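In: pasting the sequence and the predicted coordinates here, then a few questions.
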Amino acid sequence: MLPLLQLVPAKLLNSSCSLEKTLQCSCSFHGIPTPSVQWWMGGVPVGVDGMDGSLQVTSTMLGPWANSTISLTEEPEMGMRLLCEGKNQNGTHALSILLMSRKSSLAAQAFVKGLIQGAIYAGIVIALLFLCLLPLIVKH
């Protein structure tokens with residue numbers, strides 16, 4: 001008599017994100033039966049094993065393991081949520097990733113840099129104005 005396979009709920013084993021030319025995030029799940037993997041972006045499901053404009057999803061399944069990678073070629077919107085969900089008939093496990101735009105931090109850095117430069121220039125103008133008015137103040 002063959003032993004019955006023990007049913008195991010989907011469980012996230014590993015996840016990672018890297019940013020070079022594109023943002024790539026990966027999730028690995030384990031479960032019996034093999035979990036299906038679904039990506040969600042901003043609450044909307046992303047197509048599996050296909051390209052959707054700026055998104056590309058690739059999934060592989062081997063035995064009780066399911067791996068999936070999503071690649072984003074465009075900068076995400078500020079505060080966009082990316083969700084990686086593994087699911088089988090025994091359970092669901094998910095990981096939520098908050099995406100931040102590099103542009104927003106650059107805008108804040110530019111603002112602070114401009115603010116500091118403005119303060120320095122204002123200080124120089126006030127000092128020059130004082131030096132120009134100093135002879136008039138001394139005469140009176």
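Out: Ah, there it is.
In: V57 bridge partners, please.
Out: Using DSSP bridges, the beta-bridge partners of V57 come out as G50, I70.
In: go on, the one 4 residues further on?
Out: Beta bridges link M61 to A66, judged by DSSP bridges.
In: which ones are touching the spatially most central residue of the chain?
Out: The residue lying closest to the centre of the chain (Cα atoms, centre = their mean) is L99, at 2.5 Å. Applying Cβ atoms under 8 Å, 6 or more residues apart in numbering to L99 gives the contacts L23, P76, E77, G79, M80, R81, L82. Glycine gets a C-beta too; all of them are placed from N, C-alpha and C.
In: out of those, the closest to F111 would be?
Out: The closest of these to F111 turns out to be G79 (Cβ to Cβ; 18.8 Å).
In: list the contacts of that closest one.
Out: Contacts of G79 by Cβ under 8 Å, 6+ apart are L98, L99, M100.
In: same check on N14?
Out: N14 neighbours (Cβ under 8 Å, 6+ apart): S26, C27, S28.
In: helix or strand for the last one, which one?
Out: This means S28. strand 23-32 (DSSP states H and E).
In: beta partners for the residue nearest to the centre of the chain?
Out: Taking DSSP bridges as the rule, L99 bridges to M80.
In: tabulate the contacts of N14 (CSV), appending neighbour count and distance to L129.
Out: CSV is the format used below for these (neighbours: other Cβ atoms under 10 Å; distance: Cβ to Cβ, whole Å):
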residue, neighbour count, distance to L129
S26, 16, 60
C27, 27, 62
S28, 20, 66
